[in-house]
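Undergrad: Sequence plus the predicted model coming up.
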Amino acid sequence: MTRVLLVRDDREYLVEPGEELGTDLGVLEVPDDVEPGESVETHLGNEFQVRRLRGPDLFHHFERTGAPMVPRDVGLVIGETGVSTGDRVLDAGTGTGVLAASMARAGASVTTYERDPEFADVARENVALAGVADAVEVRTGDVVDDLEELTSSEPFDVLTLDTGDAASVVARAPSLLVDGGFVAVYSPFVETSREVVETAREAGLAAVRTRETIQREMDFDERGSRPSTAPVGHTGYLTIARND
């Protein structure tokens with residue numbers, strides 16, 4: 001059964017058709033046949049809009065097992081690597097599964113590795129919520145342990161890594177990727193990024209580059225417009241390389 005979002009102002013609830021939900025605005029009885037675009041009223045007459053769960057919503061509604069990759073970084077990975085329909089992706093460091101699910105929703109088939117068994121179980125539930133369970137295989141374990149098997153199988157189009165030992169996988173990237181395939185490595189630490197860059201160059205990968213991912217929100221009020229004084233929007237470092 002496909003869950004939907006019920007939205008009113010800054011309130012947002014993820015529900016299943018047929019579910020009853022109590023809120024401070026009244027009880028919501030969600031019809032079994034509810035469809036996105038409709039509205040549902042509480043018993044007190046307060047109206048909620050029904051929306052389909054979309055890609056950016058995954059970040060907010062996936063069960064958390066740590067700090068998930070934020071939407072802007074997911075977008076950068078997909079944009080920089082061109083992940084699209086028919087691609088085969090090898091991913092490591094699944095976490096909540098938001099990157100793997102987003103790439104699958106873009107049309108890719110994803111094999112992703114998560115070392116923590118409990119995190120892996122949560123990721124499987126999350127990709128099912130995203131509607132891409134058939135396109136994402138969540139493997140419990142360390143991708144490094146399966147590198148011999150993976151390098152002898154059909155090559156991947158894209159390799160995405162969010163692990164502390166990413167460099168050890170990048171060293172095998174030429175054997176893992178198709179010609180012209182991309183590597184994307186995300187890290188919160190610049191030291192890991194430096195090691196990845198050096199390894200990528202030694203492995204013969206091309207167009208190796210690292211960018212810090214940072215954004216600032218803007219505040220607009222009666223006094224004027226300026227960047228927000230909230231904490232700096234740094235999230236990490238993204239290294240991209242290509243198998244030439």
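TA: Arrived safely.
Undergrad: Could you pull out the buried residues of the worst-scoring helix or strand of the chain on mean pLDDT?
TA: Lowest by mean pLDDT, DSSP states H and E among the helices and strands of the chain is helix 55-61, with a mean of 85. Buried residues in helix 55-61, counted by 16 or more other Cβ atoms under 10 Å: 55, 57-59. C-beta here means a position set from N, CA and C on the backbone, and glycine is covered the same way.
Undergrad: Quick check: chain neighbours aside, which residue is closest to the most centrally placed residue in the chain?
TA: When Cα atoms, centre = their mean is applied to the chain, the residue found nearest the centroid is residue 99 (2.1 Å). Of all residues not flanking residue 99 in the chain, residue 69 sits nearest, at 5.1 Å (Cβ to Cβ, 6 or more residues apart in numbering).
Undergrad: measure the one you found to residue 51 for me?
TA: In this view, residue 69 and residue 51 are 23 Å apart by Cβ to Cβ, to the nearest Å.
Undergrad: So the two - more neighbours on which side?
TA: A direct count of neighbours by other Cβ atoms under 10 Å for residue 69 and residue 51 places residue 69 higher, at 25 against 15.
Undergrad: What is the helix or strand that the residue nearest to the centre of the chain is a member of packed up against?
TA: Taking DSSP states H and E as the definition, residue 99 sits inside helix 98-105. Where contact means 3 or more Cβ pairs under 8 Å, 6 or more residues apart in numbering; DSSP states H and E, helix 98-105 is packed against helix 55-61, helix 71-81, strand 88-92, strand 109-114, helix 117-129, strand 136-140, strand 156-161.
Undergrad: Summarise which helices and strands the last one is packed against.
TA: What that stands for is strand 156-161. helix 71-81, strand 88-92, helix 98-105, helix 166-170, helix 173-176, strand 177-187.
Undergrad: and the helix or strand just after the last one, C-alpha only, in CSV?
TA: Pointing back at strand 177-187 there. Later in the chain than strand 177-187, the nearest helix or strand by DSSP H and E is helix 190-202. Only the C-alpha atoms of helix 190-202 are listed here, as CSV (Å, rounded to 0.1, in the frame of the first residue of the first chain):
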residue,chain,number,x,y,z
VAL,A,190,39.1,16.8,3.9
GLU,A,191,41.8,14.2,4.9
THR,A,192,39.8,11.4,3.4
SER,A,193,39.2,13.4,0.2
ARG,A,194,42.9,14.1,-0.2
GLU,A,195,43.6,10.3,0.1
VAL,A,196,40.9,9.6,-2.4
VAL,A,197,42.3,12.1,-4.9
GLU,A,198,45.8,10.8,-4.6
THR,A,199,44.6,7.2,-5.1
ALA,A,200,42.4,8.1,-8.0
ARG,A,201,45.3,9.7,-9.8
GLU,A,202,47.5,6.7,-9.1
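Undergrad: Counting by contacts, list what helix 190-202 packs against.
TA: Packed against helix 190-202 by the contact rule (3+ Cβ pairs under 8 Å, 6+ apart) you find helix 166-170, strand 177-187, strand 206-215, strand 233-242.
Undergrad: give me that answer again for 6 Å
TA: Packing contacts for helix 190-202, counted by 3 or more Cβ pairs under 6 Å, 6 or more residues apart in numbering; DSSP states H and E, involve helix 166-170, strand 206-215, strand 233-242.
Undergrad: starting at the chain centroid, how far to the first one?
TA: I take that to be helix 166-170. Counting by Cα atoms, centre = their mean, to the nearest Å, helix 166-170 is centred 20 Å from the centre of its parent chain.
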